[in-house]
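J.: just need the structure, nothing else, for what follows:
(one chain, ligands or ions: 1)
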Amino acid sequence: MAAPRVLVLRAPGTNCDEETAHAFVQAGAEAERVHVNRLIDNPLLKDRYQILCLPGGFSYGDDIAAGRILAARLRNHLGDLVNSFVHGNGDRLVLGICNGMQVLMRLGVLTESVSAAGDSEPATLTWNNHGRFEDRWVHLGVDTENNANCVFLNGISHMYLPMAHAEGKFVAKDQPVLDELKQSGRLCLRYVADQQSTISDDIQDFPINPNGADANVAGVCDPSGRVFGLMPHPERHIDATQHPYWTRRKEQPEAGDGLAMFQNAVQWFE
Ligand SMILES: NC(=O)CC[C@H](N)C(=O)O
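T.: This next block holds a predicted model:
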């Protein structure tokens, strides 16, 4: 099959679109960076793409709350576009990275159909516990026990990736919501202490869990596994030389830990 085409959505304040497009290209996809206003002018552009990616940054200056305004623009002007990628025929993928995950959370697509929540918002992303922007590397573990079916994490058990956010603390409405999300394999990416650690539901101390997130959640996928949002930045660890200690490593891996996520997306179409 021809390489899948990726729509990397830009908005005022987006700042990770070039790296994200580059990561998809390294993985074998074709990627185009498209401004949200261009899509609003010409919504049919969406039909050119198989993958929708919302990259990181500070869309609309994080005004009101990070991701809130871009989510409102998508909901009010591009509802069909969002729906066709999230639902449609089930033949497309959606990836939200950092600010992109914040947008997906504000849209509600990652926590859709959580019955334990009743009528209220099941979960959100809020300010890091220490109230500051935190920018450094973190260890991440994949929840393989709860049968996570996330397309992007297929075959991955651990990643070492940069994180850079202020509003990245995942909070569920209550324990039943958290349990339902966990048991359905949707809390698929968690902060862990190191490469050997398995995931834990008990909130780990800072700095293991950089923001105080419930169950150490760093990424959430929808029930189908095709729609995934994560707070860390896989596009910033595509090449082995992006690893902070790469000159001191005895063996150089072929790629950075983040590349496999983009390769998984491309392979899903093969
Ligand atoms: N790197 C990012 O995408 C940052 C997201 C958002 N601006 C925050 O600080 O929380």
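
J.: where exactly do the helices run in the protein?
T.: Counting by DSSP state H, the chain has helices at residues 17-26, 36-41, 68-77, 79-86, 99-107, 175-183, 259-267.

J.: most tightly surrounded among these?
T.: Greatest average neighbour count among the helices of the chain goes to helix 99-107 (a mean of 27), per mean count of other CB atoms under 10 Å. (C-beta placed from N, C-alpha, C; glycine too.)

J.: and that one, what does it pack against?
T.: The helices and strands touching helix 99-107, judged by 3 or more CB pairs under 8 Å, 6 or more residues apart in numbering; DSSP states H and E, are strand 51-54, helix 68-77, strand 93-97, strand 123-126, strand 217-221, strand 227-230.

J.: so which of the ones you listed comes closest to the ligand?
T.: The closest of the helices and strands packed on helix 99-107 to the ligand is strand 93-97. By CB to the nearest ligand atom, the value is 7.0 Å.

J.: returning to that earlier point: in TSV: the helices and strands packed on helix 99-107, plus mean pLDDT and distance to the ligand.
T.: What follows is the helices and strands packed on helix 99-107, written out as TSV (pLDDT from 0 to 100; distance: least, CB to the nearest ligand atom, whole Å):
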stretch	mean pLDDT	distance to the ligand
strand 51-54	98	10
helix 68-77	98	11
strand 93-97	98	7
strand 123-126	98	8
strand 217-221	98	13
strand 227-230	98	11
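
J.: include distance to C150 when you put those into JSON lines, please.
T.: Converted to JSON lines, the helices and strands packed on helix 99-107 look like this (distance: least, CB to CB, whole Å):
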{"stretch": "strand 51-54", "distance to C150": "14"}
{"stretch": "helix 68-77", "distance to C150": "21"}
{"stretch": "strand 93-97", "distance to C150": "10"}
{"stretch": "strand 123-126", "distance to C150": "17"}
{"stretch": "strand 217-221", "distance to C150": "4"}
{"stretch": "strand 227-230", "distance to C150": "5"}
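
J.: how long is stretch 196-211 end to end?
T.: Stretch 196-211 stretches 21 Å from its first residue to its last (CA to CA, to the nearest Å).

J.: and stretch 185-203, by the same measure?
T.: One end of stretch 185-203 to the other measures 18 Å (CA to CA).

J.: list the buried residues for it?
T.: Buried residues in stretch 185-203, counted by 16 or more other CB atoms under 10 Å: 185-193, 199-200, 203.

J.: quick one: mean pLDDT for that stretch?
T.: In this model, stretch 185-203 carries a mean pLDDT of 96.

J.: name the residues that touch it?
T.: By CB atoms under 8 Å, 6 or more residues apart in numbering, the residues outside stretch 185-203 that reach it are 110, 138-143, 145-150, 153, 158, 160, 178, 181-182, 204, 208-210, 212-223, 225, 228, 230.

J.: next one: that stretch to chain centre, how far?
T.: 16 Å (CA atoms, centre = their mean, to the nearest Å).

J.: again with stretch 134-144
T.: Relative to its parent chain, stretch 134-144 has a centroid offset of 12 Å by CA atoms, centre = their mean.

J.: cool, and stretch 183-196?
T.: With CA atoms, centre = their mean, you get 13 Å for stretch 183-196.

J.: spell out which parts of this protein neighbour the ligand.
T.: Residues of the chain found near the ligand (CB under 6 Å from any ligand atom) are 56-58, 62, 66, 98-99, 133, 164-168.
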